[in-house]
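S.K.: Fold the following.
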Amino acid sequence: MTVGCVVPVCTVAQWQLDETCHQLADHVGRFVVVQNDDPPVPSLTAPGPDTTLLRLAGRAGKAEAYRQGLAELLRDPEISIVAQVDGDLDLPLHYLPDLISQVRSASGPEMAIANRYAAEGSRHDDHRVTVTDGLAGVVRAATGYQLVDVQAGMRVYRRGLAETFARESTSFGYGLELEQLFLAARERATVVEVPAAYRTQATSTAAEKIEDNFAVIFTYLGVHLPSAQRIALHQIMAGIKRRQSFDLDATVFGLSGTLRYTFVGRAEDDEDSYRVLHVDAQRGAGATR
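M.R.: Below you'll find the predicted structure:
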């Protein structure tokens, strides 16, 4: 089984790309590196003959980078497993072989995802836990998947799912990971999580990330929501575009109580951002998951 790996990058230096390909050489047979040219950055050089470089002009977005990378990998009929790494290599790569082993097994799942909340030593504040709990609740209610870290960018899946993602994905920006789970559920694919310790989660979330995930929820679940909930979510999305703070009935995400979205200005990655809290939660700051 030949493994291909999609690596979306923007701010990665040449030495980081070289080290990535070297570190994974025993596990990955081919790399496709997709460089998003927004803002303009120096072109990278392929570390070796098994690496293809794609450069996307303008603000194509993270989801489009993955789709283009997938399409390129799937041109090779020998690729049977696809590995997808975090944008700009945020999550340590030594966890990737564990995910590949899971999917490579004849009795294994069709997809394995890194869980940044399960490993010993992983620590996340209330904001990050709230965002994760909310999106995991949506996925659980819609698909039955009992997952925690539904936004983890590091994941591995079989060719059949890769073809589905390349053919049917329509999300923009940061909604891709959520969309992939909805598409996997349509295919009745099995999905598991593998612990991966991670300590540097941001304490706020960029507004466009929230918009992208809400857009995916509307696309795949909107028709099933009661009219009042659809109207409320449309109003909230309009409020996000105006960078307003708001409260959201947490039952939309399969939780109890209220989620409070507070606009905090330019924070994560120097972008307009929100801090989200489950106001009924009884966790202290820096809660461990």
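
S.K.: Can you name the next helix or strand after the helix or strand where T262 lies?
M.R.: Of the helices and strands defined by DSSP states H and E, T262 is found in strand 258-266. Where DSSP H and E defines the elements, the next helix or strand beyond strand 258-266 is strand 272-278.

S.K.: Kindly export the strand holding T262 (C-alpha atoms) in CSV.
M.R.: Only the C-alpha atoms of strand 258-266 are listed here, as CSV (Å, rounded to 0.1, in the frame of the first residue of the first chain):
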residue,chain,number,x,y,z
THR,A,258,-25.7,28.8,26.4
LEU,A,259,-22.6,29.5,24.4
ARG,A,260,-21.3,33.0,24.7
TYR,A,261,-19.3,34.4,21.7
THR,A,262,-17.4,37.5,22.7
PHE,A,263,-15.6,39.5,20.0
VAL,A,264,-12.1,40.3,21.2
GLY,A,265,-10.6,42.1,18.3
ARG,A,266,-7.4,41.1,16.6
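
S.K.: Which neighbouring elements make contact with it?
M.R.: When contacts are defined as 3 or more C-beta pairs under 8 Å, 6 or more residues apart in numbering; DSSP states H and E, strand 258-266 sits against strand 246-249, strand 272-278. Every residue, glycine included, has its C-beta placed from N, CA and C.

S.K.: make it 10 Å
M.R.: When contacts are defined as 3 or more C-beta pairs under 10 Å, 6 or more residues apart in numbering; DSSP states H and E, strand 258-266 sits against helix 126-143, strand 205-206, helix 207-221, helix 227-241, strand 246-249, strand 272-278.

S.K.: Near the closest residue to D86 other than its chain neighbours, how many other residues are there?
M.R.: Using C-beta to C-beta, 6 or more residues apart in numbering and skipping residues adjacent in sequence, the residue nearest D86 is G153, 3.8 Å away. Residues near G153, counting by other C-beta atoms under 10 Å, number 22.

S.K.: Stretch 238-257: end-to-end distance?
M.R.: For stretch 238-257, the separation between the terminal residues is 22 Å (C-alpha to C-alpha, to the nearest Å).

S.K.: Turn the helices and strands packed on strand 258-266 into TSV, including mean neighbour count, distance to A197 and mean pLDDT.
M.R.: As requested, the helices and strands packed on strand 258-266 are arranged in TSV below (neighbours: other C-beta atoms under 10 Å; distance: least, C-beta to C-beta, whole Å; pLDDT from 0 to 100):
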stretch	mean neighbour count	distance to A197	mean pLDDT
helix 126-143	21	14	86
strand 205-206	22	21	88
helix 207-221	20	22	89
helix 227-241	13	31	85
strand 246-249	16	30	88
strand 272-278	21	23	90
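
S.K.: Tabulate those (TSV), appending distance to P49.
M.R.: Converted to TSV, the helices and strands packed on strand 258-266 look like this (distance: least, C-beta to C-beta, whole Å):
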stretch	distance to P49
helix 126-143	39
strand 205-206	37
helix 207-221	35
helix 227-241	45
strand 246-249	50
strand 272-278	41
